[in-house]
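A.B. asks: Generate coordinates for the sequence data below:
(2 chains, ligands or ions: 1)
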Amino acid sequence: MSTPATSFTDHYNFAYLDEQTKRMIRRAILKGIAIPGYQVPFAAREMPMPYGWGTGGVQVTAAVIGHSDTLKMIDQGSDDTTNAVALRNFFVQTTGVNTTTHTKGASLIQTRHRIPEEPLSEDQVLVYQVPIPEPLRFLEPRETETRKMHALEEYGLMHVKLYEDIARFGHIATTYAYPVLVNERYVMDPSPIPKFDNPKMHRMEALQLFGAGREKRIYAIPPHTDVVSLDFEDHPFTPQEFDQPCAICGAEHVYLDEVILDDQGSRMFVCSDSDYCEERRTEGHTGHLGTNPLDAPSNGTAKDNASSKEACK
Amino acid sequence: MASANLEFSLAKAPAPGLQNPVHEAQGIFRALMNALARPGKLQDLPELDLNPPAPLGKSTAAIALCLCDYDTPIWLDKELAAAKDVTTYLRFHTGASFTNNPMDAAFAFVSKPENMPPLSAFAKGTSEYPDRSTTIVLSVSSLSHGQTVKLSGPGIKKEQGFAATPLPPQFWREMQTNNELYPLGVDVLLAAEGTVAGLPRSTKITFQES
Ligand SMILES: [Zn+2]
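C.D. replies: Got it, this is the predicted structure:
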């Protein structure tokens, strides 16, 4: 469990935002839920943190969160990165709500770059931080044009781009922010999660909310909604697979990070979802490296300290 | 005397709004969010000490106070619009303006659903901005009695049975037509005593075999 470094202070509005701003964001969230995958414009506010830190997700969480929530804040699967700690402390300071690192114990989870391995339940809400909400943006820079393309369901360009990948690499090279079709209508950017996580969005029990601060967009996927990764009949979507289990908990079919252990370049592959890994080790599972080499005091424990990168093949 | 004047002005002042606007509005919103995220599933509103002027129902008032402000033109049905206390109350607590044209309404409040205009009278959004549509709030006496329909679509695992009353006889047909406009269309919230249910435009409606 994490011990908050900071505590609740009533110098702020509850969850920082003023009530008028929350109302506006709440209305946008309701529209987003009614039109799954459609990007609802909203008048984003300046937040006391830079854009790259997930101001969109923060504003969505701030509009949703209440006293009885238990908040989990994750970044790249970890509760302990600088980003996750800072945002968790922000909500501890401005709301006083309970926080947890346990996926199962959270009612509200804000995430950057991952979906927890533990399947989410119907009484949970998952909030994604989104840098670029428009999946067509790199094909068409003009907002007026991408709006038209969504309006007319003109997604041919997106398929052309994916097919160019196949022509060039023999497979679809996109591994992050892999576009999805939501409720058979809108092509949506799932945020920079690995495509490994895409199948988890499909008919998820939990409500999924997405906030993009700089681009001022909110979108949503209600529970049990069809979310299909774009692909082709002859080149079906394939999520990443790993050819080894987690080195310290032995989990298979989970997303692994490569962690550099020392200056000699020794490395290991471990669960990117640190809570999932810990839970498994608490239950007595071990991997081929036995205990976690990162638990040795000289190495520190935060993934920020070790150089970590994706380990998919 | 000053005290007499104060009593006089308080007697004319609108009934109080939310006791704890921050936390009560949050609680109401969560109920509405869950209502639209799980169409047809009843959601409890928080306990509120609200006494809005008749014929504005307590749950309907809670929804207005949670979501409306000067950015959201409100349309009221005949019965609500005719009640001076209701317009004063809503204007005072939300700052919203009123419109006579349902097409211009961000929110429409209906106290007598059996007399409501057709759903097609309200804004359904545009193909580029389907969110520029009316959210219709219907005051109903029951969210369990009435004609039972089957709901399916986003937010529903397989099927969800649903009934509410009173509703106009053509209501469910109109909701089917509304769904055919998807992603355009109106979204409907049904407010009963202490409870709400949502029918977003994404919900498909089929009639129960009888
Ligand atoms: Zn592990």
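A.B. asks: The stretch 1-150 of chain A: helices as residue ranges?
C.D. replies: Assigned by DSSP state H, counting those that start in this stretch, the helices in the stretch 1-150 of chain A fall at A:19-34, A:55-64, A:82-95, A:143-151.
A.B. asks: I'd like those helices laid out as JSON lines, including distance to B:Leu151, mean neighbour count and mean pLDDT.
C.D. replies: The C-beta positions use only the backbone N, C-alpha and C, and glycine is treated the same way. Listed next are these as JSON lines, based on distance: least, Cβ to Cβ, whole Å; neighbours: other Cβ atoms under 10 Å in any protein chain shown; pLDDT from 0 to 100:
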{"stretch": "helix A:19-34", "distance to B:Leu151": "14", "mean neighbour count": "24", "mean pLDDT": "98"}
{"stretch": "helix A:55-64", "distance to B:Leu151": "24", "mean neighbour count": "26", "mean pLDDT": "97"}
{"stretch": "helix A:82-95", "distance to B:Leu151": "34", "mean neighbour count": "21", "mean pLDDT": "95"}
{"stretch": "helix A:143-151", "distance to B:Leu151": "26", "mean neighbour count": "16", "mean pLDDT": "96"}
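A.B. asks: what's the closest of the ones you listed to the ion?
C.D. replies: The ion lies closest, by Cβ to the ion, to one member of the helices of the stretch 1-150 of chain A: helix A:82-95, at 18.0 Å.
A.B. asks: Can you give the contact residues for the closest one?
C.D. replies: Helix A:82-95 is touched from outside by A:2, A:4-9, A:12-16, A:48-49, A:53-54, A:58, A:61-62, A:65, A:67, A:71, A:73-75, A:78-79, A:97, A:99, A:110, A:112, A:302, A:304, with contacts defined as Cβ atoms under 8 Å, 6 or more residues apart in numbering or on different chains.
A.B. asks: Intersect the residues you listed with the contacts of chain B.
C.D. replies: Residues of these in contact with chain B (Cβ under 8 Å from any Cβ of the partner chain): A:13-14, A:65, A:67.
A.B. asks: Wait, A:Leu181 touches A:Asp231, no?
C.D. replies: No: counting by Cβ atoms under 8 Å, A:Leu181 does not reach A:Asp231; the two are 9.9 Å apart.
A.B. asks: So those two - more neighbours on which side?
C.D. replies: Neighbours per residue (other Cβ atoms under 10 Å in any protein chain shown) separate A:Leu181 from A:Asp231, with A:Leu181 holding more: 19 against 16.
A.B. asks: Give me the contact status of the strand or helix carrying the more buried one with chain B.
C.D. replies: For A:Leu181, the element it lies in under DSSP states H and E is strand A:180-182. No: Strand A:180-182 does not reach chain B (Cβ under 8 Å from any Cβ); its nearest approach is 8.5 Å.
A.B. asks: Helix A:19-34 and the helix or strand encompassing B:Ala35, what's the angle between them?
C.D. replies: Per DSSP H and E, B:Ala35 falls inside helix B:21-37. Using axes from the mean of the first three to the mean of the last three Cα atoms, to 10 degrees, one finds that helix B:21-37 and helix A:19-34 are set 10 degrees apart in direction.
A.B. asks: Can you pull out the residues in contact with helix B:21-37?
C.D. replies: Residues outside helix B:21-37 that contact it (Cβ under 8 Å, 6+ apart): A:13-14, A:19, A:22-23, A:26, A:29-30, A:33-34, A:63-67, A:207, A:220, A:222-223, B:18, B:41, B:43-46, B:48, B:62-63, B:65-67, B:155, B:187, B:189, B:196-198, B:200.
A.B. asks: Filter those residues down to the buried ones, PyMOL style.
C.D. replies: Buried residues among these (16 or more other Cβ atoms under 10 Å in any protein chain shown), as a PyMOL selection:
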select buried, (chain A and resi 14+22+23+26+29+30+33+34+63+64+65+66+207+220+222+223) or (chain B and resi 18+41+43+45+46+48+62+63+65+66+67+155+187+189+196+197+198+200)
